[in-house]
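A.B. asks: here is my input; please provide its structure:
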Amino acid sequence: MGLFDGIQNAAPVPTTPNTGADLRSKTVVFQEMPETLEQLKALPVASMKDPLDVAVLTVAALCVYPFNKDESIKMLNFLKGPQPLSPYEISFIADRFRDSDYIPRSYLTGATPQNNYMPQRPYSVTVYELAHSRDNLNEGYLTVNLNSGGADSPRQIRLRTKPSTGEWFLWEQFILVGIRVPDAANPWA
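C.D. replies: Numbers count the residues shown, from 1 in each chain. All right, here's what the predicted structure looks like:
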């Protein structure tokens with residue numbers, strides 16, 4: 001049984017990310033979403049050498065939260081590298097999931113309010129850079145963008161490199177922000 005198998009599903013609505021003036025973009029496809037830290041670490045994209053892969057894995061780790069909070073936090077701490085989540089960050093994540101569990105799914109291809117944010121299989125996430133993504137690259141930071149099926153503007157994940165190893169880690173995520181509610185929960189839909 002897959003991670004999202006228990007979610008009510010309407011007919012999928014395909015979406016194409018509007019990436020504008022991309023510098024670099026990447027789509028990662030998952031046959032099954034990782035449900036444990038070990039499964040996440042076993043993925044080819046978990047080498048931590050490509051910042052776009054780390055951003056995609058952040059979405060995957062957050063998708064686990066509604067089903068297994070502890071495992072999701074372990075996954076996020078792995079992605080954070082030498083600086084694990086602070087108590088404030090853990091509290092913030094918990095607060096974001098109090099009223100909704102669909103926000104991280106909205107970054108998966110095909111997930112929209114019309115289908116209760118049920119993504120298409122195989123699951124895929126696209127991340128991309130824009131003109132200002134590399135503004136702080138000299139300081140070791142890169143900001144990548146993701147499109148949500150429930151938002152009109154892209155959301156960001158900020159990554160930080162560890163020059164001694166060439167690895168990239170999650171620094172900050174700005175993807176757990178409000179989006180349109182699923183049609184099934186919207187009395188005005």
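
A.B. asks: helix, strand or coil for the nearest residue to Trp171 once chain neighbours are set aside?
C.D. replies: In space, and not counting its chain neighbours, Trp171 is closest to Arg160: 4.1 Å by C-beta to C-beta, 6 or more residues apart in numbering. No exception for glycine: its C-beta is placed from N, CA and C like everyone else's. Judged by DSSP: H, G, I helix; E, B strand; the rest coil, the three-state class of Arg160 is strand.

A.B. asks: what do you get for Trp171?
C.D. replies: Bear in mind the rule, three-state DSSP; under it Trp171 is strand.

A.B. asks: before we move on, the earlier item: pLDDT at the residue nearest to Trp171, what is it?
C.D. replies: As predicted, Arg160 sits at a pLDDT of 96.

A.B. asks: just Gly6 next, same as before
C.D. replies: In the predicted model, Gly6 carries a pLDDT score of 55.

A.B. asks: residues in contact with the residue nearest to Trp171?
C.D. replies: Arg160 makes contact with Gly140, Tyr141, Leu142, Trp168, Phe169, Trp171 under the criterion C-beta atoms under 8 Å, 6 or more residues apart in numbering.

A.B. asks: now do Met48
C.D. replies: Contacts here follow C-beta under 8 Å, 6+ apart; on that basis Met48 touches Val54, Gly81, Glu167, Trp168, Phe169.

A.B. asks: now do the same for the closest residue to the last one other than its chain neighbours: its pLDDT.
C.D. replies: Spelled out, that is Phe169. What sits nearest to Phe169 in space, not counting adjacent residues and going by C-beta to C-beta, 6+ apart, is Gly81, at 3.5 Å. The per-residue pLDDT reported for Gly81 equals 97.
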